[in-house]
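Participant: what follows is a predicted protein model with its sequence.
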Amino acid sequence: MSRSVRLVPAVAALLALALTGTACDGGVHGTPGGSGVRDPYFPKAGNGGYDVGHYGLTLDYTPATRRLTGTAVITARATQDMSAFSLDLAGLHVDSVTVEGRKARFNRAGQELTVRPHDDLTKGETFRTTVRYSGSPRTLTDPDGSEEGWLPTADGALALGEPVGSMAWFPGNHHPSDKAAYDLTVTVPEGLQAVSNGELTGRITKGGRTTYHWHTAQPMASYVATVAVGHYDLVRSTGPHGLPILVAVDPTQAKTSEKVLAKLPAIIEWEETNFGPYPFSSAGAIVDRPDDAGYALETQNRPVFPGGELDTVTLVHELAHQWYGDSVTPESWQDMWLNEGFATYAGWLYEEDHGDTTAQEAFEDLYDSDNEAIWAFPPAKPSSAAHISDSPVYGRGAMVLQKIRQKVGDDTFYDILQGWAAAHRHGSVRTADFTAFVERTAPDEDFTAIWRDWLYGDGRPARP
């Protein structure tokens, strides 16, 4: 859906040399962490050398001036001896950086904020980095033409991050392979709301401004972090097992979305039946105006919807992502079908269980359609970064699941759906992990043709 800015490799290499060449305190014992994790589609996304455990973000935003002031406290563990490390940050002015309370040198090059701590970091060491920053956050336009990052709206702003838009509003390790807990404190002019992931644990108004504190305990990839600033009607309810549900709806969208949003608790209950226990401590939705984003996104705990005539299958799709995408997260953007194929298939199952077309009929309709784009590339091998959200990832990804269901039968198929979500709860996975899991769950079946023709094969497979 969204793409990233790249740093020229030669610039990164020169920067690393410059940092290692200016070391103090008796010389460098570690090496700089990598500026990127070599994702096949976004090679500069994320960073090497450390793993983030927690983000503490304190933001102050004024819509009238579009000015954001932020402090990011990033608690991480070094996975190597390091003399320097990088954070992803697009735009914004960095005012200061400290590591373990001591002033650190830093450099900017493209999306990379490279930090040289006062003392080298030792493998296994937990360290805290504080970045103070400010400015007008950017809206990023990606190779497929979509917009992400910080999106100004009629009454505030909406932050969306798939795949790397979150680097437009806070520094971090912006790759799905590194998930963390979050505490987000947002201050806005009195009369506006600031809605985010997790649970609202505090709200206070003072001096004409209101501060909201949101806590996300379960690990979250940065691309599904969100902030929505504006006028919202906040509606609380409960779902299965007393699950807290908070829905934030722009007042202009209340009537058109009310009927579908009322189904949210029942949809979660249906998805628990099919996919296993809900993986997070709260649920909900954010409904903004149709022009604010133009697409729905599976932001953790409460997906974002663009308003207008919200339909049930879209709600089912984005809520299914809480299992497949948000809890079980792709380790690489090449594996996007593990998000979108599963969520698309959830829509097929919902239609099947509620008196409409069966999943097999949906499969056949797609196979027989004139939509040649569905065969442009195999779901597990998108042709480029600009195409990781194209129809083969969604529709043909769902077709892979239907082929597995045909092969193993319903009982084993639901064991696969639920077992996959349980085995990798709050983790990051690759396609190879999924195919191995399927083969272990149904050891007497041969999946060679499915993997070869439907998952990795080029063109339209022979008629099923």
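Facilitator: Yep, that arrived. Numbering: from 1, shown residues only.

Participant: who's in contact with the nearest residue to residue 292 once chain neighbours are set aside?
Facilitator: Setting aside the residues directly before and after it, residue 292 is nearest to residue 153 in space (CB to CB, 6 or more residues apart in numbering), at 4.6 Å. Placement of C-beta: from N, CA and C, glycine included. Residue 153 sits next to 229-230, 288-289, 292 when contact means CB atoms under 8 Å, 6 or more residues apart in numbering.

Participant: distance check, residue 153 against residue 172.
Facilitator: Note on residue 153: its distance to residue 172, by CB to CB, to the nearest Å, is 23 Å.

Participant: likewise residue 126?
Facilitator: From residue 126 to residue 172 the distance is 16 Å (CB to CB).

Participant: adding distance to residue 143, pLDDT and secondary structure, write the contacts of residue 153 out as JSON lines.
Facilitator: Below are those laid out as JSON lines (distance: CB to CB, whole Å; pLDDT from 0 to 100; DSSP: H, G, I helix; E, B strand; the rest coil):
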{"residue": "229", "distance to residue 143": "28", "pLDDT": "98", "secondary structure": "strand"}
{"residue": "230", "distance to residue 143": "29", "pLDDT": "98", "secondary structure": "strand"}
{"residue": "288", "distance to residue 143": "24", "pLDDT": "96", "secondary structure": "coil"}
{"residue": "289", "distance to residue 143": "26", "pLDDT": "95", "secondary structure": "coil"}
{"residue": "292", "distance to residue 143": "22", "pLDDT": "92", "secondary structure": "coil"}
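
Participant: does residue 69 touch residue 134 like I think?
Facilitator: Yes - Residue 69 sits in contact with residue 134 when judged by CB atoms under 8 Å, with a separation of 4.6 Å.

Participant: poorly predicted segments of this structure, please.
Facilitator: Scanning the chain for pLDDT under 70 picks out the ranges 1-28.

Participant: show the residue spans covered by the strands in the stretch 201-350 of the chain.
Facilitator: 209-220, 227-230, 233-238, 244-249, 283-287, 304-305, 329-330 (DSSP state E, counting those that start in this stretch).

Participant: can you list contacts of the longest one?
Facilitator: Right, the one you point to is strand 209-220. The set of residues external to strand 209-220 that reach it, using CB under 8 Å, 6+ apart, is 60, 179-205, 279-281, 300-301, 326-327, 426.

Participant: 6 Å instead, please
Facilitator: Among residues not part of strand 209-220, those counted as contacts by CB atoms under 6 Å, 6 or more residues apart in numbering are 179, 181-187, 189-190, 194, 196-204, 280, 300, 426.

Participant: tell me which of residue 126 and residue 172 has more neighbours.
Facilitator: Per other CB atoms under 10 Å, whichever of residue 126 and residue 172 has more neighbours is residue 172, with 27 against 13.
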